[in-house]
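>>> Pasted the sequence and its predicted model underneath.
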Amino acid sequence: MRYPMLTRAALVPAAVMLALAAPVPAHAQFGKLIKKAKHAVTSSAPADADADGTPVKFDDTTLELTNARVVAMIAGLQAKLRFVSTADGIGVAAMNERAQTLEQQLPTVDPKEENAYNTAVSDQKFCMEKTLDTLSRAHEGDQRAATMAMAMDRTRMMAMMQQVQAAMQRGDTAEARRLQLEQMGAPARAIAQKDSAEAKQRCGPVPAKPADLARFDSLNTAHEQLIERIRAVQSEADSVAAARSGMTREQFDIAKERVLSNLGRYRHGLNKTELAALDAHHDELDKLSGALYRQGASW
């Protein structure tokens, strides 16, 4: 029986992982949210309707973007910018650069060499498990006899009980339980250790990993951990921004998406009050969007 092993070919390319975490400009993000359309805002539309005269509905999660709320969002986005600029002492932009450097340093791994190594590891593991199972079955009687002998050894049993009682007096019930299990399991462990040594002698040690493969795995692990950290920082930054804006995370995410659509020149779904507030702060919002992008942070 062989154990299937994943090869480098089965892994998601590191560049794809980095691309998932990389930010895109406001206009590109907007394209992922909704399809662009250009319509003029008609002066005849009701104040609570969008450019097509469709009433804009608000609830506990979709809040009206009043001037005060847009100002609060700007404060939140400024807090996010500070957060991503200083995350982990270097900022998200530097973290992205490190991730790119790690990706570029990944060595080329010979597929044949990797397959040979994986097969050797699988064979050694299979041999060890089969051998240990065979030896354990052969020594079941020895283990029972050793355990019984331990129980019959009054001197050792008394010493164990004294240690257990001392632990109980200290109120350390966990230590008392550990001592009991350790003492009663000592004979079985001794036999298991002997079986393990014999199995290693029969099957040989775990094959050494080739240098280029070891380096690939080390760098790839560091790269994946850094990408996950970048994603975590992005999420933390949005939570910071939401709190600074006086909104829940869900409210902030929806408001942010609506602001982003306006920056992308899609003005539907926004009433006159909202359009007026967003127009009044358009330049500041656009500037923040660019600053976040330069810091390697998504909107």
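Structure's in. What do you need?
>>> residues in contact with the closest residue to residue 88 other than its chain neighbours?
Nearest residue to residue 88, sequence neighbours excluded (CB to CB, 6 or more residues apart in numbering): residue 95, at 6.7 Å. Glycine gets a C-beta too; all of them are placed from N, C-alpha and C. Contact analysis of residue 95 by CB atoms under 8 Å, 6 or more residues apart in numbering lists 87-88, 226, 229-230, 233, 296.
>>> Buried only: go through those residues for me.
When the contacts of residue 95 are checked for burial by 16 or more other CB atoms under 10 Å, the buried set is 87, 226, 229-230, 233, 296.
>>> Rebuild those residues as CSV, extending it with secondary structure and distance to residue 195.
Shown next, in CSV, are these (DSSP: H, G, I helix; E, B strand; the rest coil; distance: CB to CB, whole Å):
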residue, secondary structure, distance to residue 195
87, helix, 50
226, helix, 42
229, helix, 43
230, helix, 47
233, helix, 48
296, coil, 54
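>>> Can you say which helix or strand has the residue nearest to residue 88 in it?
helix 92-105 (DSSP states H and E).
>>> Show the pLDDT at the residue nearest to residue 88.
We have a pLDDT of 96 for residue 95.
>>> One more: residue 11?
Note on residue 11: pLDDT of 44.
>>> Pull out the buried residues from whichever strand or helix holds residue 283.
Assigned by DSSP H and E, residue 283 belongs to helix 282-294. Residues 285, 288-289, 291-293 are the ones in helix 282-294 that count as buried (16+ other CB under 10 Å).
>>> of those, closest to residue 216?
residue 293 (31.6 Å; CB to CB).
>>> how near is the closest one to residue 117?
Using CB to CB, to the nearest Å, one gets 42 Å for the distance from residue 293 to residue 117.
>>> residues near residue 175, how many?
Applying other CB atoms under 10 Å, we find 15 residues neighbouring residue 175.
>>> Verify the contact between it and residue 165 for me.
No - Residue 175 is not in contact with residue 165 according to CB atoms under 8 Å; the separation is 11.4 Å.
>>> Tell me where the model's unsure across the stretch 151-299 of the chain.
151-153, 177, 180-187 (pLDDT under 70).
>>> That one: helices as residue ranges?
Ranges of helices within the stretch 151-299 of the chain are 154-169, 173-203, 211-245, 249-263, 272-280, 282-294, based on DSSP state H, counting those that start in this stretch.
>>> which one of these is the most hemmed in?
Of the helices of the stretch 151-299 of the chain, the one with the most neighbours on average (mean count of other CB atoms under 10 Å) is helix 249-263, at a mean of 19.
>>> mind checking how far that helix is from the chain centre?
Its chain's C-alpha centre and that of helix 249-263 lie 25 Å apart, by CA atoms, centre = their mean, to the nearest Å.
>>> contacting residues for residue 206?
Contact analysis of residue 206 by CB under 8 Å, 6+ apart lists 121, 124-125.
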